[in-house]
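Q: Give the three-dimensional model of this entry:
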Amino acid sequence: MKQNIFKEACLIQLGTSCWQGSRSIDPSIMEQIGNSEWVRGRKYLVDQEVLAPVRSSINRARKELDQMALPFPIGGLTLVPKDCLTRIEEKLKEYRKEYFQEVERFIEGYEKAREIAQSILGDLYSESDYPMHIRNKFGFEWRYFVLETPGKHKLLSPEVYERERRKFTAMMQETKELAVRALREEFADYVDHIVDRLKDGENGKAKIVKESKIQRFMTFLDSFDSRNLFHDDELANLVDSARELLSGVQPGVLRQDQDLRESIKKKMGEVKEEMDKALVDLPQRKIRLAA
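A: All right, here's what the predicted structure looks like:
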């Protein structure tokens, strides 16, 4: 693979942790007590709702990262275009701040949550299940990495070097296929939604096109050039068509202006047909890196 993708991108590893607030129960005990709202093979150490805001902030951060980056075949790592680095860094700092605010809210109510758990769990309650330093069970951090094609080194025999070079080349090919598929499928989802919402409903009336959905689609279109690291020209042409169709269009106008609605529906339908063909043309094989 001639393209050195790491001149245009780097890898990011987002690491988060959240206390689970539960613990498994010995099967022999479960035979005696059966399942209940707080005991289902595991016992809940606190009401899970008090941890929900912390988990939600993690999910939002990961979703935002996915929307700005690309998949990578090594678990835990994501490919980040260099043009998106500043925005990603700013967004992750925002989410980290939000995350620790939710953590502090949880910690403020930690003792109360334990009291409630003790009253519900009864004999199953144990002080040893609860960390003394609960704050240490939470974390939110990220790191950047850059990979290079393995170079010849005096520590590597020619056989080992050639094996690692082949593995790296295979990994880069898989990275390309993952990235191309991810962008095509993401674009297809937006197009499918728009086409569906532009159809008349069962009552013959126009369906509602939510402004938030249009805005997310426009965000995808705006960031596409930066994320299109592997120069998928076929998809780029379809993205340009979608940009032109939706530029300056307000959801409310789509509902009121039937002619505009029909025009965009027809043209976006054509984009959908081409996109469906592009998805079929994607490679189906899954590259496995040799050991």
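Q: At which residues are the helices of this protein located?
A: Along the chain, counting by DSSP state H, helices occupy 27-33, 52-68, 85-108, 110-121, 158-197, 211-227, 233-246, 251-256, 258-280.
Q: Export those as TSV, with columns for mean neighbour count.
A: Using the backbone N, CA and C atoms, a C-beta is placed for each residue, glycine as well. Listed next are the helices of the chain as TSV, based on neighbours: other CB atoms under 10 Å:
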stretch	mean neighbour count
helix 27-33	10
helix 52-68	16
helix 85-108	16
helix 110-121	15
helix 158-197	17
helix 211-227	15
helix 233-246	16
helix 251-256	14
helix 258-280	15
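Q: can you redo the ones you listed as TSV with distance to G76 and mean pLDDT?
A: What follows is these, written out as TSV (distance: least, CB to CB, whole Å; pLDDT from 0 to 100):
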stretch	distance to G76	mean pLDDT
helix 27-33	32	51
helix 52-68	11	95
helix 85-108	15	96
helix 110-121	29	94
helix 158-197	14	89
helix 211-227	20	90
helix 233-246	27	93
helix 251-256	38	71
helix 258-280	27	88
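Q: Now do the contacts for the nearest residue to V191 once chain neighbours are set aside.
A: Distance criterion CB to CB, 6 or more residues apart in numbering; nearest residue to V191, sequence neighbours excluded, is K272 at 5.0 Å. Contacts for K272 (CB atoms under 8 Å, 6 or more residues apart in numbering) come out as A188, V191, D192, V195.
Q: before we move on, what about F145?
A: Neighbour list for F145: C10, L11, I12, Q13, L77 [criterion: CB under 8 Å, 6+ apart].
Q: Throw these into CSV and include distance to S57, pLDDT and neighbour count, thanks.
A: Listed next are the contacts of F145 as CSV, based on distance: CB to CB, whole Å; pLDDT from 0 to 100; neighbours: other CB atoms under 10 Å:
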residue, distance to S57, pLDDT, neighbour count
C10, 24, 92, 18
L11, 23, 94, 19
I12, 18, 96, 23
Q13, 18, 96, 15
L77, 21, 93, 18
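Q: and which of the residues you listed is nearest V280?
A: Set against V280, the nearest of these by CB to CB is L77 (28.9 Å).
Q: pretty sure that closest one contacts I12?
A: Yes: here L77 lies in contact with I12, judged by CB atoms under 8 Å, at a distance of 7.2 Å.
Q: Of the contacts of F145, which belong to strands?
A: When the contacts of F145 are checked against strands (DSSP state E), the matches are C10, L11, I12, Q13.
Q: What is the most widely separated pair among these?
A: Maximum distance among the ones in strands among the contacts of F145 (CB to CB): 10.6 Å, for C10 and Q13.
Q: Mind listing the shared neighbours of these two?
A: Each of Y144, F145 lies in contact with both C10 and Q13 under the rule CB under 8 Å, 6+ apart.
Q: Make TSV from the helices of the chain and add distance to E148 to it.
A: Below are these laid out as TSV (distance: least, CB to CB, whole Å):
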stretch	distance to E148
helix 27-33	50
helix 52-68	23
helix 85-108	18
helix 110-121	46
helix 158-197	9
helix 211-227	22
helix 233-246	27
helix 251-256	46
helix 258-280	32
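Q: So which of those is nearest W142?
A: Of all the helices of the chain, helix 85-108 comes closest under CB to CB, at 5.7 Å.
Q: Check which helices and strands that closest one sits against.
A: Counting contacts by 3 or more CB pairs under 8 Å, 6 or more residues apart in numbering; DSSP states H and E, helix 85-108 packs against strand 9-17, helix 52-68, strand 139-145.
Q: and of these, who's closest to S223?
A: Closest to S223 of those, according to CB to CB: helix 52-68, at 6.4 Å.
Q: Just the residues contacting that closest one, thanks.
A: 12, 14, 16, 18, 78, 80, 84, 87-88, 91-92, 95-96, 98-99, 102-103, 105-106, 138, 140, 219-220, 223, 227.
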